[in-house]
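The sequence and its predicted three-dimensional model are supplied below.
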Amino acid sequence: MTKPILLIDNNDSFTMNIRQIVNELGFQVEITNYLELQTSDVTNFDKIIISPGPGHPTEYTKYYAVFDLYKSHKSFLGICLGLQIIGQYFGAKLRQSFPIEHGKQSQNIIISSSTILEGIPNNTQIGRYHSWCLDKKTIPQELIINSVSEDDEIMCISHKSYSIYGVQFHPESYITQFGSKILENWITKV
């Protein structure tokens, strides 16, 4: 039997949608709220999803300790806020999105291969719900930009050495095409 996946809930309503899709894919999920998170909570899991959430990534400082301890031997997927937290941890800067992207459908333009985007056609529709984004000019060399939107904002990143991935869009949103396939790729292929 496969170990459950840890889903860290950053107080976002989409967290339950993520759990539902992962359950429908045949995998068990355990949810821990960020406010109650202890770094030791991650020990018994191989795969960790960092959920979307409100606010700015700098408000979520517990993730720095989590990455310090587990980045080299656990697999992480950051969604929206989760991608921003990953980017900042590795040294990228954020900038405000103009306009703010809440409930906007965009194209996911793949610019470099990534395991989580395997089998996903280029220019598929994705759902965006964010007011912050990673600044492309500040992306460190250890992170790869895998896809962008038509307005050239980063939509997917991966780490060159670690099993760490992030998507700015919401794969669990009904306006995202192939969202469950992206989650399945991360669960089964990395």
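In hand now; what should we look at?

so what strands line up beside the helix or strand bottoming out on mean pLDDT in the chain?
Among the helices and strands of the chain, strand 94-110 carries the lowest confidence by mean pLDDT, DSSP states H and E, at a mean of 83. Counting by DSSP bridges, the strands paired with strand 94-110 are strand 124-134 (antiparallel), strand 143-148 (antiparallel).

now it, how far from the chain's geometric center?
When distances are taken as C-alpha atoms, centre = their mean, to the nearest Å, strand 94-110 is centred 15 Å away from the chain's centroid.

Buried residues in it, which are they?
In terms of neighbour count (16 or more other C-beta atoms under 10 Å), strand 94-110 has its buried residues at 94, 97, 101, 104, 106-110. All C-beta spots, glycine's among them, are computed from the backbone N, C-alpha and C.

how about the CA coordinates for that strand, as CSV?
Taking Å, rounded to 0.1, in the frame of the first residue of the first chain, the C-alpha atoms of strand 94-110 are listed here in CSV:
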residue,chain,number,x,y,z
LEU,A,94,7.7,38.2,-5.9
ARG,A,95,5.9,41.0,-7.7
GLN,A,96,2.3,41.9,-7.8
SER,A,97,0.3,40.7,-10.7
PHE,A,98,-1.3,43.4,-12.9
PRO,A,99,-4.2,42.8,-13.2
ILE,A,100,-4.9,40.6,-10.3
GLU,A,101,-5.9,37.1,-11.6
HIS,A,102,-8.9,35.8,-9.8
GLY,A,103,-11.0,33.3,-11.7
LYS,A,104,-9.2,34.0,-15.0
GLN,A,105,-8.6,31.3,-17.6
SER,A,106,-5.3,31.5,-19.4
GLN,A,107,-3.1,29.4,-21.6
ASN,A,108,-0.4,27.2,-20.2
ILE,A,109,2.5,27.7,-22.6
ILE,A,110,5.1,24.9,-22.0
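
about what we covered before: to Phe169, which of the strands paired with strand 94-110 lies closest?
For the strands paired with strand 94-110, the distance to Phe169 is smallest for strand 124-134, at 3.8 Å, taking C-beta to C-beta.

which of the residues in the closest one are buried?
By neighbour count on 16+ other C-beta under 10 Å, the buried set for strand 124-134 is 124, 126-130, 132-134.

got it, and stretch 143-154?
143-149, 153-154.

how long is stretch 27-35 from one end to the other?
Chord length of stretch 27-35, first to last residue, is 24 Å (C-alpha to C-alpha, to the nearest Å).

got the buried residues for that stretch?
27, 29, 31-32, 34.

Need the max-distance pair from these.
Phe27 and Tyr34 (21.1 Å).

Just grab the bridge partners of Cys156 for me.
Ser147, Val167.

Is there a neighbour count for it? I'd like the number.
26 (other C-beta atoms under 10 Å).

Is Gly127 in contact with Ser173, as I believe?
Yes. Between Gly127 and Ser173 there is a contact at 3.3 Å, judged by C-beta atoms under 8 Å.

Please enumerate the shared neighbours of these two.
Gly179 (C-beta atoms under 8 Å, 6 or more residues apart in numbering).

All set now, cheers.
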